[in-house]
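> model this:
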Amino acid sequence: MASKPLSRRVLVGALASAGLCPAPAAGQAAAAEEQDRLRYLDAAGRLSVKALVNGEGPFDFLIDTGATASVIASEIADQLGLRRTDSGRLHSIAGAESVAMTRVDSLAVGKRMKRDMTVAVLPRASLWMDGVLGLDWLGKASLLLDFGRRRMVVGQPLPIPDAQTAIVESRLVRSGLTLIDAYIPRERVIAFIDTGSTTTAGNMALMEAAIRGGSLLGAAGETALRSVTGQVMRGRAATLTRLTLGDMTLRNAPLIVGAIHTFDYWGLGDRPAIVIGADILRAFDTVAIDFKRNEVRFRVPNDSPVLREQR
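Next up, the predicted model:
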């Protein structure tokens, strides 16, 4: 049965209570080369791939579009005999941390390989996995996160957008971070896609703007957001009644509001800003980042129980 085309604006409602549990395991066989099978790490649906370090492995690495630097677990570094070099400063959503660094000859996923990389070293207990593939590994290769088929495609042509796809213009800032414009009632918001964050989060400027526009619910109980480095950001759980990305509006989007270090680091701390995490990203069939066209594409599932058309 053919799906009905969507109207210009797609409304995804009730995100706070629907469609946020892990998807069932896919029964399809592994796809072709460059399409590396994903698996869910936790209830937030973060994704990992099998990576080879210096030809050894495979190891479970997280795909993190919000991390400027790649990371390897200290246990894996010890297993491979990687010598620590000078320490470095690693910035995350929760703050900056001084960490040991090491060099790897190669870091590969499928046919895609980066050579002679300097990566941070952190305990596996903090990472919850064997390592993190950051923007220094991804570079400007196109990236497709295919949640429906549970696969990742790196550096290959992206699917042609269809009627179910919302396209949002993006721009690069230093170190490859991709920013997109978003909107809440009466306010423009800076946003970026962070597949390494379990939870969507907004800064204090966003909370103040949302309160002024009457678009914030909750923000009463204290909670915490744990970064991939193991640091914790204290904040308050809340719900945005409307969050617009391009021609698409998310309704009742859950988030944590607090002092997000990432935006302070990029000089955006005084502007309303939001990190779109895995809890919201999993609601889509696919999320594609196209660096050549400077856009991010979100495809809504045909059978989404939270999909409705604007009349």
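> let me see the ranges of the helices in this protein.
Counting by DSSP state H, the segments of the chain that form helices are 74-79, 124-127, 135-138, 204-212, 261-265, 278-281.
> now the third one: buried residues?
Judged by neighbour count using 16 or more other Cβ atoms under 10 Å, the buried positions of helix 135-138 are 135-138. Heads up, the C-betas are built off the backbone N, CA and C, glycines and all.
> how about the fourth one?
For helix 204-212, burial by neighbour count (16+ other Cβ under 10 Å) applies to 204-207, 209-210.
> how about those, which pair is most distant?
Within the buried residues of helix 204-212, two members stand farthest from each other by Cβ to Cβ: 204 and 210, at 10.6 Å.
> quick check, nearest of the buried residues of helix 204-212 to residue 156?
Among those, and counting by Cβ to Cβ, the member closest to residue 156 is residue 206, at 34.6 Å.
> okay, and the beta partners of residue 240?
Counting by DSSP bridges, residue 240 is bridged to residue 216, residue 253.
> same check on residue 101?
With DSSP bridges as the rule, residue 101 is bridged to residue 120.
> JSON lines for the buried residues of helix 135-138, including distance to residue 278 and pLDDT?
Formatted as JSON lines, the buried residues of helix 135-138 follow (distance: Cβ to Cβ, whole Å; pLDDT from 0 to 100):
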{"residue": "135", "distance to residue 278": "17", "pLDDT": "85"}
{"residue": "136", "distance to residue 278": "21", "pLDDT": "89"}
{"residue": "137", "distance to residue 278": "19", "pLDDT": "91"}
{"residue": "138", "distance to residue 278": "16", "pLDDT": "85"}
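> could you dump those into a markdown table with distance to residue 153 added?
Listed next are those as a markdown table, based on distance: Cβ to Cβ, whole Å:
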| residue | distance to residue 153 |
| --- | --- |
| 135 | 17 |
| 136 | 19 |
| 137 | 15 |
| 138 | 12 |
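> closest to residue 287 out of those?
Using Cβ to Cβ, those come closest to residue 287 at residue 138, 13.7 Å.
> now the closest one: how far from residue 124?
Residue 138 sits 22 Å away from residue 124, going by Cβ to Cβ, to the nearest Å.
> now swap in residue 300 and tell me
Distance from residue 300 to residue 124, by Cβ to Cβ: 35 Å.
> tell me which of those two has more neighbours.
Using other Cβ atoms under 10 Å as the criterion, residue 300 and residue 124 rank with residue 300 on top: 21 against 15.
> isn't that one right next to residue 164, touching?
Yes. In terms of Cβ atoms under 8 Å, residue 300 counts as a neighbour of residue 164; the distance is 5.1 Å.
> the most centrally placed residue in the chain: what's it in contact with?
Nearest to the mean C-alpha position of the chain, by Cα atoms, centre = their mean, lies residue 195 at 1.8 Å. Listed by Cβ atoms under 8 Å, 6 or more residues apart in numbering, the contact set of residue 195 reads 46-47, 62-66, 145, 277-278, 281.
> quick check: closest non-adjacent residue to it.
In space, residue 195 comes closest to residue 65 once its chain neighbours are excluded; the distance is 4.9 Å by Cβ to Cβ, 6 or more residues apart in numbering.
> what about that neighbour, neighbour count?
24.
> got the contact list for it?
Here residue 65 is in contact with 135, 138, 143, 178, 192-196, 289 (Cβ under 8 Å, 6+ apart).
> tell me the confidence at it?
Confidence at residue 65, expressed as pLDDT, is 83.
> ok, it to residue 280 distance?
Residue 65 is 13 Å from residue 280, by Cβ to Cβ.
> that older thread, present the helices of the chain as JSON lines; the columns should include distance to residue 87.
JSON lines is the format used below for the helices of the chain (distance: least, Cβ to Cβ, whole Å):
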{"stretch": "helix 74-79", "distance to residue 87": "13"}
{"stretch": "helix 124-127", "distance to residue 87": "16"}
{"stretch": "helix 135-138", "distance to residue 87": "17"}
{"stretch": "helix 204-212", "distance to residue 87": "30"}
{"stretch": "helix 261-265", "distance to residue 87": "18"}
{"stretch": "helix 278-281", "distance to residue 87": "29"}
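> nearest to residue 249, out of those helices?
The closest of the helices of the chain to residue 249 is helix 278-281. By Cβ to Cβ, the value is 12.6 Å.
> and that closest one, how far from the chain's centre?
Distance of helix 278-281 from its chain centroid, counting by Cα atoms, centre = their mean, to the nearest Å, is 7 Å.
> okay, that helix in CSV with CA atoms only?
Backbone C-alpha positions of helix 278-281 (Å, rounded to 0.1, in the frame of the first residue of the first chain) are rendered in CSV as follows:
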residue,chain,number,x,y,z
ALA,A,278,19.7,10.0,20.4
ASP,A,279,16.3,10.0,22.2
ILE,A,280,14.9,12.2,19.4
LEU,A,281,17.0,10.9,16.5
